[in-house]
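Enquirer: just coords:
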């Protein structure tokens, strides 16, 4: 079973920055899309940023536009999410996900990394 492992979460003050990273423990499956999702307590999981593995086309949720940047380093097979201008409402568990066909629900998921932003 392919696994994704996130890292880089933590606690920051509002206005701060964090970088999340995601690596694959198995690289034998093809993934057309990789994404970062988040889920805050009492809220539904939402897609924050998505990147196509071929062509690197990206999608951002309105809440992330201008503040978050998703990137995929194919040499190290690492998915990154650079977050700046963090707000308390960005507090959530962030999950890395991948899918062979860019279809929801994504097939492969990480365990999540917590991001907490204090005001």
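Expert: Nice, I can see it. Owing to the predicted nature of the structure, the values given are computational and were not obtained by experimental measurement.
Enquirer: can you mark which positions in the host helix or strand of residue 59 are buried?
Expert: Under the assignment given by DSSP states H and E, the secondary-structure element containing residue 59 is strand 58-60. Of the residues in strand 58-60, those buried by neighbour count under the rule 16 or more other C-beta atoms under 10 Å are 59, 60. Just so you know, the C-beta spots here come from the backbone N, C-alpha and C atoms, and that holds for glycine as well.
Enquirer: repeat for stretch 98-118
Expert: 98, 99, 102, 106, 108, 109, 110, 112, 113, 115, 117.
Enquirer: from these, which land in strands?
Expert: 98, 99, 108, 109, 113, 115, 117 (DSSP state E).
Enquirer: for the last one, which non-adjacent residue is spatially closest?
Expert: Distances taken as C-beta to C-beta, 6 or more residues apart in numbering place residue 86 nearest to residue 117, at 4.6 Å, with adjacent residues excluded.
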